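Q: fold the following and give me the result.
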Amino acid sequence: MSRTPDTISTLRDVLGHCRTIAVVGLSPQWHRPSFFAAKYMQAHGYRIVPVNPVVAREGGSILGEPCHASLHEAEQAIARQGGRIDMVDCFRKSEDIPPLAEEAVAIGARCLWLQLGVVHEEAAQRAEDAGLQVIQNRCVKIEHARLFGGLGWMGVNTGVITAKRLRQLPY
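A: Down below sits the predicted model:
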């Protein structure tokens, strides 16, 4: 069975419905890509759930949210608050993805998102077979800006053709 391609409609659907994002490998350092992407998404109405075992051991937080040592721990904390993790956004190297994909399936996430440069076909296929949407080798911040109006204001060619300008962002 082949994987579903990452079409514009698929990306819009995922970004429109996945409002709580567990960011695995979220760095507390402001200049790291994971921090920048998570801060952008948080500023656009998404709930960010940091997953970083080093920061969690110290009892720290990132972007004002308590840090968790694993996806299971993060899911338990969110469930106690009456929510659920919709997307698992992975800022980890490709070799680290298989156990994260298994955890994403186990916690009932809707989407497994692998950041730029991160691809693992076998793990992606297992997650997709379990019912998750899988996006590989894409940045959640870039895709959100491209599809929901953030890049168009600067004159960047987003590849999305429309004669209609969004009056309000759809979130």
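
Q: His68 is in contact with Pro50, isn't it?
A: Yes - counting by CB atoms under 8 Å, His68 touches Pro50, with 6.7 Å between them. The C-beta positions use only the backbone N, C-alpha and C, and glycine is treated the same way.

Q: which one of the two is surrounded by more residues?
A: Counted by other CB atoms under 10 Å, His68 and Pro50 do not tie: Pro50 has more neighbours, with 27 against 23.

Q: mind saving the C-alpha coords of stretch 34-52 as CSV?
A: Output in CSV follows, covering the C-alpha atoms of stretch 34-52 (Å, rounded to 0.1, in the frame of the first residue of the first chain):
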residue,chain,number,x,y,z
SER,A,34,11.9,24.0,16.9
PHE,A,35,11.4,27.0,19.3
PHE,A,36,10.7,29.4,16.4
ALA,A,37,8.2,27.1,14.7
ALA,A,38,6.4,26.3,18.0
LYS,A,39,6.3,29.9,19.0
TYR,A,40,4.7,30.8,15.6
MET,A,41,2.1,28.1,15.9
GLN,A,42,1.3,29.1,19.5
ALA,A,43,0.9,32.8,18.4
HIS,A,44,-1.6,31.6,15.8
GLY,A,45,-3.9,29.9,18.3
TYR,A,46,-2.5,26.4,18.6
ARG,A,47,-1.8,24.8,21.9
ILE,A,48,1.9,23.6,22.2
VAL,A,49,2.8,20.7,24.4
PRO,A,50,6.6,20.5,24.8
VAL,A,51,8.2,17.0,24.9
ASN,A,52,11.9,17.3,26.0
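
Q: list the contacts of it.
A: Applying CB atoms under 8 Å, 6 or more residues apart in numbering, the contact partners of stretch 34-52 are 19-30, 61-63, 65-71, 74, 77-78, 83, 85, 89, 91, 115, 139-141, 144-145, 148, 169, 171.

Q: that older thread, which residues do His68 and Pro50 both contact?
A: By CB under 8 Å, 6+ apart, no residue touches both His68 and Pro50.

Q: is the residue most central in space within the chain in a bridge, and if so with what?
A: Nearest to the mean C-alpha position of the chain, counting by CA atoms, centre = their mean, stands Asp89 at 3.2 Å. Per DSSP bridges, the residues bridged to Asp89 are Val23, Trp113.

Q: low-confidence ranges, the chain, go.
A: In the predicted model of the chain, residues 1-4, 150-171 satisfy pLDDT under 70.
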